[in-house]
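**Student:** model this:
(one chain, ligands or ions: 1)
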Amino acid sequence: MSFTLPDLPYAHDALAGAGMSRETLEYHHDLHHKAYVDKGNELIAGTAWAGAGNDRLEEVIKATYGVDEHAGLFNQVSQHWNHIQFWEMMSPSSGAMPSELESRITDAFGSVDAFKKEFAAAGAGQFGSGWAWLVVDGGQLKVTKTPNGVNPVCFGQTALLGCDVWEHSYYIDYRNKRPVYLENFLTKLVNWENVAERLANAG
Ligand SMILES: [Fe+2]
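**Tutor:** Okay, here's the model as predicted:
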């Protein structure tokens, strides 16, 4: 076994009408994500987790987070996990927010708009590369941000939604306008059904 690059759950040009171009997905999925997979397979050789596949990603992330000796491996496996989630969290047809999710978001943040503002501010405020997240933490919905490849798995949280704010995710389509990319992500790209499924599975 080894880590493998899953296909995108849609065609490379499927998100173009919603603000993420074929060129971005060709670079981001086929080159950047693939590089995390390849480098992860290279760095895991000779470790206690040698031969691990995608089904053991969370185990390897938890075991390597904050461990200096495995910092390089952590970066690759966490980014591999992050991107698998990210592709699933987007859809060519964003759709309405399922009512149970809307209700939980409204309870936690006051309104859907307030949640979106907080999420966009987290993404815009992440200095350098990283991610903005909606997570379940101890039964509570929270917005967080993380640097580089760090993700909710590191903290025992469940990721409901994540937005990649590395420049490779938006520079082709939005140049340096990260806030515009984040607004478009929240308005047109999020697969709210997927977010709702994650919430239902989080219990
Ligand atoms: Fe990325």
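
**Student:** what parts of this structure come near the ion?
**Tutor:** 164, 166, 169 (C-beta under 5 Å from the ion). In this view, the C-beta of every residue, glycine as well, is placed from N, C-alpha and C.

**Student:** take these and write them to a markdown table, including neighbour count, pLDDT and secondary structure.
**Tutor:** As requested, the residues of the chain next to the ion are exported to a markdown table (neighbours: other C-beta atoms under 10 Å; pLDDT from 0 to 100; DSSP: H, G, I helix; E, B strand; the rest coil):
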| residue | neighbour count | pLDDT | secondary structure |
| --- | --- | --- | --- |
| 164 | 23 | 98 | strand |
| 166 | 18 | 98 | coil |
| 169 | 23 | 98 | helix |
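
**Student:** ok and the residue in the chain nearest the ion?
**Tutor:** With C-beta to the ion, the shortest gap between the chain and the ion falls at residue 164, namely 4.1 Å.

**Student:** what residues are up against that residue?
**Tutor:** 28, 82-83, 86, 131 (C-beta atoms under 8 Å, 6 or more residues apart in numbering).

**Student:** show me where the chain has strands.
**Tutor:** Using DSSP state E, the strands assigned to the chain run over residues 130-137, 140-147, 158-164.

**Student:** tabulate the ones you listed in TSV, adding columns for distance to residue 7.
**Tutor:** Below are the strands of the chain laid out as TSV (distance: least, C-beta to C-beta, whole Å):
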stretch	distance to residue 7
strand 130-137	22
strand 140-147	26
strand 158-164	18
